[in-house]
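[1] how would this look folded up:
(one chain, ligands or ions: 2)
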Amino acid sequence: MSYNVLVSDPLAEEGIEILKNFCNVDEKTGLSEDELISIIGNYDALIVRSGTEVTARVIEAAAKMKYIGRAGAGVDNIDTDAATRKGIIVANAPEGNTLAATEHTMAMMLSLARRIPSANASLKKGEWKRSKFMGVEMNEKTLGVVGFGRIGREVAQRAQSFNMRVVAYDPFITPERGAQFGVEMMSVEDLFKVADVITVHTPLIKETKHLVNAASIATMKDGVRIINCARGGIIDEKALADAVLSGKVAGAALDVFEEEPPTESPLLGLDNVVVTPHLGASTVEAQKNVAISIAHQCIDVLKGGAAKYVVNAPMIPTELQETIEPYARLAEKMGRLVSQIVSGAITKVEVTYAGDLIEMRQNLKFVTRMAIKGILDPVLQRPVNIVNAEFVARERGIAVAETMTEESHGFKNLISITVRTKDGEETISGSVFGKKRVRIVEIGSFTMDLVPEGSVVISRHIDRPGVIGPAATVLGKQSINIAGMQVGRVSAGEEALMVLNVDSVVPENVMDELRAVPGIISATFATL
Ligand SMILES: NC(=O)c1ccc[n+]([C@@H]2O[C@H](COP(=O)([O-])OP(=O)(O)OC[C@H]3O[C@@H](n4cnc5c(N)ncnc54)[C@H](O)[C@@H]3O)[C@@H](O)[C@H]2O)c1
Ligand SMILES: O=C(O)[C@H](O)COP(=O)(O)O
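    Ligands and ions are numbered 1, 2, ... in the order given. Down below sits the predicted model:
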């Protein structure tokens with residue numbers, strides 16, 4: 001199968017080469033939304049940087065899209081909710097440009113402190129104004145880092161080497177974690193009060209929109225310096241310009257703007273403001289890193305696998321991927337089976353984890369989503385995957401619950417899926433033996449040891465002589481080979497369950513014949 005990939009922003013050649021070895025690649029930059037919409041239906045994957053707005057309209061038109069890759073960190077130019085609804089994997093390359101953005105932040109801080117851009121421009125105009133460009137030292141100043149993630153931490157370490165005191169605000173980082181970096185975590189209000197230089201390193205989300213505004217600037221030290229190498233919009237540009245003009249803020253350095261390019265930003269005309277055109281990630285090294293990462297992830301997804309840095313699905317830490325994989329595979333197969341043996345509209349799915357699995361509770365969301373995918377796949381025409389499984393379930397009014405229990409019925413690990421419908425409920429349990437031997441061990445109250453692969457016939461019958469033989473004869477007459485058989489019963493003479501692994505599809509008319517065998521109560525054909 002040949003795949004088409006559209007690269008709509010400049011991507012380093014190293015990434016393009018990797019893609020070209022696997023699929024057709026079109027590089028078309030500078031497209032308008034309408035131009036993008038008119039061609040996007042031809043592509044299986046789209047790769048962007050911050051230049052392309054991947055709107056809900058674009059995603060709606062992306063009929064066969066499986067992957068949107070962001071060769072960089074910020075995904076605020078991609079409507080990830082719209083992608084999630086469509087089951088499109090959105091992935092980024094968050095680590096590749098961390099050091100580039102960090103070093104750019106340090107460059108901006110020093111440029112601001114020593115007024116390098118203005119001094120450079122002045123000298124090049126033929127002036128020699130040494131006293132005009134008096135600077136300040138960073139030594140012993142306090143740096144306030146807002147957002148103590150990858151870049152925030154790297155900036156902090158470099159600032160410490162300048163002998164700066166570093167304080168930080170990040171609602172998701174504990175004081176203990178901050179202390180490991182020699183950084184005091186504090187409230188944003190306190191940080192604004194004590195910092196000589198403030199640098200923001202958060203994503204642009206509703207909580208961080210205009211975090212630096214007229215009111216918060218008023219609480220800052222007189223002569224504070226402010227840096228934004230994260231996202232335009234975290235700082236209210238008008239408020240910042242007013243504060244620079246009034247002298248409250250001694251200077252600002254901005255790499256990113258509310259609108260890019262920033263045609264109307266009041267900051268562009270100010271002397272004490274250093275600006276760059278979103279260059280944080282623009283190093284040869286960073287561009288190579290992100291292009292390679294996003295190209296490999298693209299190929300992994302097109303081959304049917306998962307991307308390493310998915311932003312719209314649960315991520316599994318690399319070290320756990322091998323451990324989780326068999327559970328995810330088992331849950332999907334169990335979901336497929338249970339969905340084909342229940343009748344009536346599904347109203348609730350409950351996935352219960354027991355035994356050793358409880359220790360992995362943080363990472364079981366992935367397994368639950370695979371169970372839902374398995375349940376919905378056989379009944380829906382649209383693609384259901386790890387990205388949109390929960391969304392599609394919700395959309396269909398199916399409640400999903402995930403529970404943990406110590407009770408594992410003697411198994412080392414146990415996954416149980418209970419599906420409720422308007423007509424009743426069915427529970428299937430499975431376990432992973434050794435590292436990856438997956439088995440279904442219970443269907444309802446019947447114990448078994450079923451390899452969840454291929455085609456199966458599941459029937460309920462009265463436990464008495466003369467039922468199983470005639471049932472097998474029905475299949476034999478149609479040359480349908482029985483590769484395996486499991487029979488389970490709770491007590492002799494009552495209802496029993498039979499599962500036949502068959503080597504070919506059993507047509508509906510043959511299933512009807514099977515259902516007509518005296519003693520057979522019900523029979524279902526399922527593909528796993
Ligand atoms: N200028 C550039 O070219 C450039 C390059 C790379 C990254 N970036 C941007 O830099 C920013 C940081 O990137 P990163 O890789 O460090 O991301 P990251 O996810 O590692 O760190 C972001 C941090 O922000 C914190 N945070 C979230 N909400 C917050 C809030 N309300 N208040 C304070 N902190 C909050 C998170 O807990 C996290 O620790 C992103 O916006 C990214 O898009 C810009
Ligand atoms: O979020 C990012 O990675 C940076 O803003 C870089 O954006 P760019 O890839 O458009 O340079």
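
[2] show me what contacts the residue nearest to Gly519 when sequence neighbours are not counted?
    Excluding the flanking residues, the one nearest Gly519 by Cβ to Cβ, 6 or more residues apart in numbering is Val467, at 3.5 Å. For the C-beta atoms, the positions are set from N, CA and C on the backbone; glycine is no exception. Contact analysis of Val467 by Cβ atoms under 8 Å, 6 or more residues apart in numbering lists His461, Val517, Pro518, Gly519, Ile520.

[3] Dump these to CSV, plus secondary structure and distance to Val275.
    Listed next are the contacts of Val467 as CSV, based on DSSP: H, G, I helix; E, B strand; the rest coil; distance: Cβ to Cβ, whole Å:
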residue, secondary structure, distance to Val275
His461, strand, 78
Val517, coil, 81
Pro518, coil, 85
Gly519, coil, 83
Ile520, strand, 78
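
[4] what's the most distant pair in those?
    The largest separation in the contacts of Val467, counting by Cβ to Cβ, is between His461 and Pro518 at 9.4 Å.

[5] These two - which one has more neighbours?
    His461 (21 against 11; other Cβ atoms under 10 Å).

[6] Identify each buried residue in the top helix by length along the chain, please.
    If you go by DSSP state H, the chain has its longest helix at helix 321-341. Buried residues in helix 321-341, defined by neighbour count with 16 or more other Cβ atoms under 10 Å: 323-341.

[7] ok so, going back, tell me the spacing between the residue nearest to Gly519 and Ile480.
    18 Å (Cβ to Cβ, to the nearest Å).

[8] Contact partners for Ser2?
    Contacts of Ser2 (Cβ under 8 Å, 6+ apart): Cys23, Asn24.

[9] Spell out which helix or strand contains it, please.
    Taking DSSP states H and E as the definition, Ser2 sits outside all helices and strands.

[10] what about it, distance to ligand 2?
    Plainly put, Ser2 is 28 Å away from ligand 2 if you go by Cβ to the nearest ligand atom, to the nearest Å.

[11] I'd like to know the average pLDDT value across stretch 373-390.
    Averaging pLDDT along stretch 373-390 gives 88.

[12] from the middle of its chain, how far away would that stretch be?
    17 Å (Cα atoms, centre = their mean, to the nearest Å).

[13] Touching it from outside, list them.
    Contacts for stretch 373-390 (Cβ under 8 Å, 6+ apart): 83-90, 306, 310, 312-314, 331-340, 346, 349, 366, 369-370, 372, 392-393, 396, 400, 417, 419, 526-527.

[14] Among those residues, which ones are in helices?
    Per DSSP H, these map to helices at 83-85, 331-340, 366, 369-370, 372, 392-393.

[15] Just give me the residue closest to the centre of this structure.
    Val311 (2.4 Å; Cα atoms, centre = their mean).

[16] show me where the stretch 201-350 of the chain has helices.
    With DSSP state H, counting those that start in this stretch as the criterion, the stretch 201-350 of the chain has helices at 214-218, 237-246, 284-302, 321-341.

[17] got it, and the stretch 51-200 of the chain?
    For the stretch 51-200 of the chain, the helices defined by DSSP H, counting those that start in this stretch cover 56-61, 80-85, 98-114, 116-124, 150-161, 175-180, 188-194.

[18] export those to a markdown table and tack on mean neighbour count?
    What follows is the helices of the stretch 51-200 of the chain, written out as a markdown table (neighbours: other Cβ atoms under 10 Å):
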| stretch | mean neighbour count |
| --- | --- |
| helix 56-61 | 18 |
| helix 80-85 | 19 |
| helix 98-114 | 21 |
| helix 116-124 | 14 |
| helix 150-161 | 20 |
| helix 175-180 | 13 |
| helix 188-194 | 17 |
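
[19] Can you check which of those helices gets nearest to Asp271?
    helix 116-124 (6.1 Å).

[20] Residue numbers of this protein in contact with ligand 2?
    Applying Cβ under 6 Å from any ligand atom, we find that the chain lies next to ligand 2 at Arg49, Ser50, Gly51, Ala71, Gly72, Ala73, Gly74, Asn97, His278, Gly280, Ala281, Ser282.

[21] now, among those, which is nearest to Leu31?
    Gly51 (9.6 Å).

[22] so the closest one touches Leu11, yeah?
    No. Between Gly51 and Leu11 there is no contact under Cβ atoms under 8 Å: 10.8 Å.

[23] Looking at those two, which has the bigger crowd around it?
    The neighbour count for Gly51 versus Leu11, taken as other Cβ under 10 Å, is higher for Leu11 (23 against 14).

[24] How many residues are close by the residue of the chain found nearest ligand 1?
    The nearest approach of the chain to ligand 1 comes at Gly149, 1.7 Å away (Cβ to the nearest ligand atom). Each residue near Gly149 was counted by other Cβ under 10 Å, and the total is 18.

[25] Show the contacting residues for Ile341.
    Ile341 neighbours (Cβ under 8 Å, 6+ apart): Glu426, Ile443, Ile458, Thr524, Ala526.

[26] Buried only: go through these for me.
    Glu426, Ile443, Ile458, Thr524, Ala526.

[27] Keep only those that also lie close to ligand 1.
    Among the buried ones among the contacts of Ile341, ligand 1 is touched by none when using Cβ under 6 Å from any ligand atom.

[28] What about the residues you listed, which are in helices?
    Using DSSP H, no member of the buried ones among the contacts of Ile341 falls in helices.

[29] Just send those back as JSON lines, with distance to Arg231 too.
    Formatted as JSON lines, the buried ones among the contacts of Ile341 follow (distance: Cβ to Cβ, whole Å):
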{"residue": "Glu426", "distance to Arg231": "48"}
{"residue": "Ile443", "distance to Arg231": "52"}
{"residue": "Ile458", "distance to Arg231": "54"}
{"residue": "Thr524", "distance to Arg231": "53"}
{"residue": "Ala526", "distance to Arg231": "49"}
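
[30] which among those residues gets closest to Asp26?
    Comparing those against Asp26 with Cβ to Cβ places Ala526 closest, at 41.5 Å.

[31] partners of the closest one in the sheet?
    Val456 (DSSP bridges).

[32] list the contacts for it?
    Taking Cβ under 8 Å, 6+ apart, we find Ala526 in contact with Arg336, Leu337, Gln340, Ile341, Pro378, Ser455, Val456, Val457, Ile458.

[33] Run through the stretch 351-500 of the chain and note the low-pLDDT ranges.
    Within the stretch 351-500 of the chain, not a single segment meets pLDDT under 70.

[34] quick one, strands of it?
    Taking DSSP state E, counting those that start in this stretch as the criterion, the stretch 351-500 of the chain carries its strands at 399-405, 413-421, 424-433, 437-443, 446-450, 455-462, 482-489, 495-502.
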